[in-house]
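Undergrad: Need coordinates for the below:
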Amino acid sequence: MLAGGEVFRKIARSSCVPIIAVRMAASNLIIGQSGGCTAVINCTLAGVIEEAARQPAVGRVLGMRHGIEGLLSGELVDLGRETPETVAALRTTPSAALGSCRFKPNDHQLTQVLAILREHNVRYFLYVGGNDSADTSARLAALADHAGQDLVVVGLPKTIDNDLPEMDHCPGYGSAARFLAIATREAGLDTEAMRHVDPVKLIEVMGRDAGWLAAACALATRDEADAPQLVYVPEIGLEPDLFLADVQRVYERLGYVVAVVPERIARPGGQPLGSGEPTFVDAFGHAYFESPVVYLAREVQRAFGLRARFDKPGTLQRMSIPLASSTDQEEAYVLGQAGVRQAVKGATGQMVTLLREPGPGYACRTGLAPLGAVANGVRTLPRDFLDAAGTFISPAFRSYALPLVGAPLPEYARLAQHPA
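TA: Now for the predicted structure:
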């Protein structure tokens, strides 16, 4: 790998006069990770590092520790000095190896970023993240263009929420969906066995404004006996009285109930369940509220006198390597490679996307979308991905999501329980 400023000369050995080819000084590439971590975000990082090493236009490959926040404080690392074995192992390492952040820089800080990048001869800026990271990248690209700085800014998507516009799906979602489908099905087996003690179980999943993760919890079901029996999504909301009626209906039929509820869900009028007051607001203005399953468990106890337990996988749902989707891992890696190639071509202000090819089988390719079209947008779960009642998934969602979770989901035995 050539450092910035070096000149490469190749002398052709022959009986003729030597030919000297001169390559202009290579420019450096920098990459950072931002937002919530996933099981496959490091696959993208590995794809970037390995592809950059093959590109003559790229000099050094630098990493921002903790995203753009670390860049501002000078926390840079030389990724070109990592061993090939370490880079390869990133593909089976969860979380963000460079460290992540939830940091919204102001215009003055972005001007500082441009100065730091000039100082380090960086021409290629790659940022892995979701909606908010796309916003930061779009603003940086616009500022560089206004300042006349030769900077290529390329976004690389990741979010388990699967809610980025302009693409079929997001790296990270397939693995989180696989984890939740298996975990929910297995939690349901526990509830089924313990119905005389704990007949109601609520499972709270991530997904701030869209129901992609909640819907994924039902992918391992075969019939109504399999958990979950009820799935609620932010797009429709949840009215407590109707929820209680749903629980009663399923309980009377099966003797147990497993329901999936997003971490943030409101009544149809928009009032968040629970206290209604946010417990935290992040730098991008996203509000976080009291757990809805705590509130709903109390309502079940009050209405029916039934004990309702709740499970909250939290960050576990986005970190599992043993349950990671092989499809997700491979696509995240290829996306990193594509990001480097697009940067070298000069595709600034763009985000690399994953697009599903039409046809009966599953195939995916990379594409491009303007960062501004992705920034701060939300791609919600289509209504036809739910059943008529809006409390369970439809066949259309199964067709969409099952290719993303990799290998076939496990099946479990249920005894016929013939009378003795």
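Undergrad: any low-confidence regions in the stretch 201-350 of the chain?
TA: Applying pLDDT under 70 to the stretch 201-350 of the chain flags residues 274-289.
Undergrad: give the contact list for the residue lying closest to residue 32 once chain neighbours are set aside.
TA: Leaving aside its chain neighbours, residue 32 sits nearest to residue 64 (3.5 Å; criterion: CB to CB, 6 or more residues apart in numbering). (C-beta placed from N, C-alpha, C; glycine too.) Residue 64 makes contact with 30-32, 70-71, 75-76, 98, according to CB atoms under 8 Å, 6 or more residues apart in numbering.
Undergrad: And residue 64, how far from residue 127?
TA: 9 Å (CB to CB, to the nearest Å).
Undergrad: Overlap of the contact sets of the two?
TA: Common contacts of residue 64 and residue 127 (CB under 8 Å, 6+ apart): 31-32.
Undergrad: sorry, back to before: buried only: go through the contacts of residue 64 for me.
TA: For these, a neighbour count by 16 or more other CB atoms under 10 Å gives the buried set as 30-32, 70-71, 76, 98.
Undergrad: Serialize those residues to CSV and add fields for pLDDT and secondary structure.
TA: Output for these, formatted as CSV (pLDDT from 0 to 100; DSSP: H, G, I helix; E, B strand; the rest coil):
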residue, pLDDT, secondary structure
30, 98, strand
31, 98, strand
32, 98, strand
70, 97, helix
71, 98, helix
76, 98, strand
98, 98, coil
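Undergrad: Pick the one among the residues you listed closest to residue 377.
TA: Residue 377 has its nearest neighbour among the buried ones among the contacts of residue 64 in residue 32, at 21.1 Å by CB to CB.
Undergrad: Just grab the bridge partners of the closest one for me.
TA: residue 127 (DSSP bridges).
Undergrad: for residue 75, what are its contacts?
TA: 64-66.
Undergrad: and the gap between residue 53 and residue 76?
TA: Residue 53 is 18 Å from residue 76, where distance means CB to CB.
Undergrad: ignore the last one, residue 199
TA: Taking CB to CB, one finds residue 199 at 55 Å from residue 76.
Undergrad: what do you get for residue 347?
TA: According to CB to CB, residue 347 stands 24 Å off from residue 76.
Undergrad: Report the central residue of the chain.
TA: For the chain, the residue nearest the mean C-alpha position is residue 159 (1.7 Å; CA atoms, centre = their mean).
Undergrad: ok, back up a step: and the furthest pair within the buried ones among the contacts of residue 64?
TA: The widest separation within these (CB to CB) is 11.8 Å, between 31 and 70.
Undergrad: Please, where are all the helices along the chain?
TA: 41-52, 67-72, 84-89, 107-119, 131-147, 173-193, 212-216, 240-254, 292-304, 326-345, 371-374, 395-401 (DSSP state H).
Undergrad: And those helices: which comes nearest residue 154?
TA: Going by CB to CB, the one of these nearest residue 154 is helix 326-345, 4.7 Å.
Undergrad: So which bits of that closest one are buried?
TA: Per 16+ other CB under 10 Å, helix 326-345 contains these buried residues: 327-344.
Undergrad: what's the answer for stretch 116-126, then?
TA: So stretch 116-126, judged by 16+ other CB under 10 Å, has buried residues 116-117, 121-126.
Undergrad: Closest to residue 193 out of those?
TA: Nearest to residue 193 among those is residue 126, at 48.4 Å by CB to CB.
Undergrad: Is residue 184 in contact with residue 260, as I believe?
TA: Yes - Residue 184 is within contact range of residue 260, at 6.6 Å (criterion: CB atoms under 8 Å).
Undergrad: Check the contact lists of these two and give me the overlap.
TA: Common contacts of residue 184 and residue 260, defined by CB under 8 Å, 6+ apart, comprise 203, 217-218, 228.
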